[in-house]
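>>> for reference, the sequence and a predicted model appear below.
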Amino acid sequence: MKTLNHPHRNGGRLLILPAVLALAACATPHYTAPPVTIVADKPNVVAYWNDIANRTVLAPSPPSPASAANATPEEQRPTFFFDLASVHVAIYDAVVAIEGRYKPFAVKRKSPAAGASAEAAVSAAAFGVLKALFPNRAAVYQGAYEQRLATIADGPAKTLGLALGSEVAAEVVRQRANDGRMVALAPYVSATAPGQFRAANPNPVFRHFPSVKPFALQSLGQFRPAPPPALNSAAYAAAVNQTRALGGTASTVRTPEQLEAARFHTEPPPPAITRNLGRFAASTANVGDAARLMALVYVSYVDAIAACFEAKYHYQTWRPASAIQMADVDGNDATPADATWTPVLPTPNHPEYPAAHSCTSGSVGESLRHFYGTPHVTFTWDSKVTNTTRTYAGIDAFNAEAGMARLHGGMHFAFATAAGEELGRRVAQWVAARHFGRLD
């Protein structure tokens, strides 16, 4: 297990680009709470339903013709962060309706909440969302629901909790209905101009994300970053040459540790993110705090990644492989072409700017910063690609590694990781400033 305290450095050769410095200088809140170490050793009903929801969202739909014909949009196009955000919003609103400490996110209660069982309310809320979104995956959650309810004593508290949770679930599902994920898109045509994205096949991924309704943002373009550096600029040349040196298959300056970190961050997000964020749910025995933390993290995450892809498909910039192999047409004398250059790790099939991993690490980090009141939040993350666990001594270490991993893998430029992290931070700040706060 590695503990990371600072950004990786390339033997003193890490280039700090002007664009990176400008974004890093953007103001972020200052907190003074003591350091926190997150340990997932406190099972609770939120953690229980987070696990069931993860397995439901990631499970394949039954292949029978009848099931396929009746599949919901979520079953046809499951998107873990959209769907898990719905689950956690419902859990949170059910809990705060009983506790009364925090502002509801989506649902103002109608059912009586005084004396209601939080265990029952959380279970009914999560179950109600999963049943509505994934009716053909009941094998994952139906038995889990029945088992959990069997542990709650029958009586008025259980009855009230079930009614409250069911009501909240129904309203969350109603508000998220027709969320835009099934938008019909015209066939994608790659651009041919210098600087423009060349798709690896006719179907670049996640093109529908910009069409999905945000959870908290006013629009997905609300925090769209400024354009990347011009092709003929010194900043662009510095970034291209940095990735050329660090991220190529034949790199002579990338260290084995840097390649290991790059590989660590290549596990597909659905299993990697759900598994690792799940630890946060079990970090406190207080059900209200667990519900609030998970809702804050997932709402920020979902709006950050959707906003990230809105920006990606707005700018549609080329990946390092295209930029380096075709540098003779970019109009920049400081970027010599190398037709044989290839990235050391596979490049995802979507535009380069901004970097998605940095968008999400920025949002997760800022959510933790806001929830705990300090950037000094130590937590662990694991990867099934490397079968290792890494411990981050603060959210800045997590963000720094996530960004540099994409350069060391040859997938991104430094200005894209800086812009992505800043976008994620700004989204999470927006969410935290307007939602999940204490009741006045």
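Structure's in. What do you need? Numbers count the residues shown, from 1 in each chain.
>>> pretty sure residue 156 is touching residue 120, no?
No: Residue 156 lies out of contact with residue 120 (Cβ atoms under 8 Å); the separation is 10.7 Å. Where C-beta positions appear, they are placed from N, C-alpha and C, glycine not excepted.
>>> higher neighbour count, the two?
More crowded of residue 156 and residue 120, by other Cβ atoms under 10 Å: residue 120, with 27 against 11.
>>> contacting residues around the more buried one?
Listed by Cβ atoms under 8 Å, 6 or more residues apart in numbering, the contact set of residue 120 reads 149, 152, 157-162, 165.
>>> and if you look at residue 394?
With contact taken as Cβ under 8 Å, 6+ apart, residue 394 is in contact with 5, 375-378.
>>> among those residues, name the buried ones.
Using 16 or more other Cβ atoms under 10 Å as the burial test, the contacts of residue 394 include 375-378 as buried.
>>> go through the residues you listed and say which is closest to residue 86.
Closest to residue 86 out of the buried ones among the contacts of residue 394 is residue 377 (25.7 Å), distances taken as Cβ to Cβ.
>>> mean pLDDT per helix and strand in this protein: which one sits at the bottom?
helix 18-24 (a mean of 40; mean pLDDT, DSSP states H and E).
>>> sorry, back to before: let's have the contacts of residue 394 in TSV, adding pLDDT and distance to residue 205.
Shown next, in TSV, are those (pLDDT from 0 to 100; distance: Cβ to Cβ, whole Å):
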residue	pLDDT	distance to residue 205
5	58	34
375	96	32
376	97	35
377	97	31
378	98	33
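>>> nearest to residue 243, of the residues you listed?
Closest to residue 243, out of all of the contacts of residue 394 and judged by Cβ to Cβ, is residue 5, at 24.7 Å.
>>> quick one, helices of the stretch 101-250 of the chain?
Per DSSP state H, counting those that start in this stretch, the stretch 101-250 of the chain carries helices over the ranges 118-133, 138-150, 156-176, 234-247.
>>> the third one: which residues count as buried?
Just to be clear, that refers to helix 156-176. Across helix 156-176, burial judged by 16+ other Cβ under 10 Å covers 157-158, 160-173, 176.
>>> contact partners for the nearest residue to residue 182 once chain neighbours are set aside?
Using Cβ to Cβ, 6 or more residues apart in numbering and skipping the chain neighbours, the partner closest in space to residue 182 is residue 73 (4.9 Å). By Cβ under 8 Å, 6+ apart, the residues touching residue 73 are 178-179, 181-182.
>>> format those residues as JSON lines; extra columns: neighbour count.
Below are the contacts of residue 73 laid out as JSON lines (neighbours: other Cβ atoms under 10 Å):
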{"residue": "178", "neighbour count": "8"}
{"residue": "179", "neighbour count": "19"}
{"residue": "181", "neighbour count": "19"}
{"residue": "182", "neighbour count": "14"}
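>>> in JSON lines, list the residues you listed along with pLDDT.
Output for these, formatted as JSON lines (pLDDT from 0 to 100):
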{"residue": "178", "pLDDT": "95"}
{"residue": "179", "pLDDT": "96"}
{"residue": "181", "pLDDT": "95"}
{"residue": "182", "pLDDT": "94"}
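>>> can you tell me which of those lies nearest to residue 45?
Checking the contacts of residue 73 one by one against residue 45 (Cβ to Cβ), the nearest turns out to be residue 179, at 26.4 Å.
>>> excluding chain neighbours, what is closest to the closest one?
Per Cβ to Cβ, 6+ apart, closest to residue 179 is residue 213, 4.8 Å.
>>> my read: that neighbour touches residue 177, true?
No: taking contacts as Cβ under 8 Å, residue 213 lies outside contact range of residue 177: 9.8 Å.
>>> can I take it that residue 390 is in a strand?
Yes: under DSSP: H, G, I helix; E, B strand; the rest coil, residue 390 sits within a strand.
>>> what's the angle between the helix ranked longest in the chain and helix 118-133?
Looking across the chain with DSSP state H, the single longest helix is helix 287-315. Orientation of helix 287-315 against helix 118-133 (axes from the mean of the first three to the mean of the last three Cα atoms, to 10 degrees) gives an angle of 30 degrees.
>>> tell me the pLDDT at the spatially most distant residue from the centre of the chain?
Farthest-out residue of the chain from its mean C-alpha position, per Cα atoms, centre = their mean: residue 155, at 39.4 Å. Note on residue 155: pLDDT of 97.
>>> skipping its backbone neighbours, what lies nearest residue 324 in space?
Using Cβ to Cβ, 6+ apart, the closest residue to residue 324 is residue 341 (4.5 Å).
>>> ditto for residue 334
Per Cβ to Cβ, 6+ apart, closest to residue 334 is residue 237, 3.7 Å.
>>> same thing with residue 50?
The shortest distance from residue 50 to any non-neighbouring residue, by Cβ to Cβ, 6+ apart, is to residue 281 (4.4 Å).
>>> where along the stretch 251-400 of the chain do the strands fall?
Along the stretch 251-400 of the chain, the stretches classed as strands by DSSP state E, counting those that start in this stretch are 377-383, 388-393.
>>> and if you look at the stretch 1-150 of the chain?
Going by DSSP E, counting those that start in this stretch, the stretch 1-150 of the chain shows strands at 2-4, 36-37.
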